[in-house]
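[1] from the sequence below, what's the structure:
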Amino acid sequence: MKAYHLNEHAGAGGLVLADVSKPEPATGEVRIRVEAASLNYRDLLILDRVGQGALNGRVPLSDGAGVVDAIGAGVLQWQVGDRVAASFFRDWVSGPFRTSYVPSALGGNTMDGVLAEYVVLPATALVSVPAHLSSIEAATLPCAGVTAWHGLITRGGMGKGDTVLVQGTGGVALFGLQFAAALGARAIVISSSDEKLARAKAMGASILINYRDTPDWDVPLMKATDGEGATHVLELGGPGTYDRSLRSVASGGKIVQIGVLTGFGPKPDLARLQWENADIIGVTVGSVEHFAAMNRFLTDQAIHPIVDRIYGFDEAPEAFTYLRTGAHFGKIVVKL
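    Okay, here's the model as predicted:
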């Protein structure tokens, strides 16, 4: 079979396509014929660190979907032909997060990812693909979809009548927007593109702010909410947006902290949280249980993920290049 490997000698792309042996499932494992894989901002951070330790030679990407191709001994919950997607953390099946789950993140420092024709994973690390979704759509779910679900709904409790601030129009952002619209929450979207804001409006956003035209976007946000602010802030930017997120959160509200899109830098002043009795919810994706719950919601609401662009397997390096431009609206997928 063929699989992509991170390679420090591969030039600017950092990826090589290699012929490798097809893996065989051991007891408790299944082999998946991967049909699609999607990219996340995390994958750029990993690509940029190729050559550091164990990353060299690692198969990239955490998010994939496909068909069960072979089953190891003792596996009862899956059959050959089942459509499945892999959970971001292989070992986080249910219950609270533990630091011991970190090494099981697919496509990271210690675990191969899914940018390969076949992958083998524990049967417990998989979820069924919703029947109404294609494998291309399902491949967008494991990181971006589960992150938005876990942060905004499982732990954030977002529901009808709430107001959610969504930063940008990438994968996590648009899942947050779709969940808000389905639940009857009011959505505020900030973006540097009027075209993207118009598309967000068509998806259900009611307050639109171009942060390039209005760098102090927290001011019009507070005005548009009659000084109340957002009950939920999907904080995707990091140091470049955090102070304004703090000024935008409503009393008793929640900041769902996810991203580092503006890099790593000075820590914000968190004093306002105390005075507003607000919370910060730190989120790194979620469990298999979270994934399955989200899929039931997607099925009930007939929600389809937003896919911006699809690349062929031999075009995977170009998919990384496109992701780096930030021009995408929704998810970027590689089709195998």
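
[2] all the helices of this protein, residue numbers only.
    Using DSSP state H, the helices of the chain run over 41-47, 135-138, 146-148, 171-183, 194-202, 218-224, 239-248, 271-276, 288-301, 316-325.

[3] now do the second one: which elements does it pack against?
    Other helices and strands packing on helix 135-138, by 3 or more C-beta pairs under 8 Å, 6 or more residues apart in numbering; DSSP states H and E, are strand 29-38, strand 63-71, strand 83-86, strand 307-312. From N, CA and C alone the C-beta is placed, and that goes for glycine too.

[4] can we see that at 6 Å?
    strand 29-38 (3 or more C-beta pairs under 6 Å, 6 or more residues apart in numbering; DSSP states H and E).

[5] circling back to that earlier point, among the helices of the chain, which is nearest V20?
    With C-beta to C-beta, the closest approach to V20 among the helices of the chain belongs to helix 316-325: 15.3 Å.

[6] return the set of buried residues in that closest one.
    Within helix 316-325, the residues scored as buried using 16 or more other C-beta atoms under 10 Å are 316-317, 319-320, 322-323.

[7] now stretch 285-303
    Buried, per 16+ other C-beta under 10 Å, within stretch 285-303: 285-291, 293-295, 297-298, 303.

[8] distance of L197 relative to V233?
    18 Å (C-beta to C-beta, to the nearest Å).

[9] higher neighbour count, the two?
    More crowded of L197 and V233, by other C-beta atoms under 10 Å: V233, with 32 against 19.

[10] could you give the bridge partners of the more buried one?
    In this entry, V233 is beta-bridged to L165, I255, by DSSP bridges.

[11] skip the chain neighbours and tell me the closest residue to the residue nearest the centre of the chain.
    Nearest to the geometric centre of the chain sits A144, at 1.6 Å (C-alpha atoms, centre = their mean). The spatial neighbour of A144 that comes closest, neighbours along the chain excluded (C-beta to C-beta, 6 or more residues apart in numbering), is G171 at 3.3 Å.
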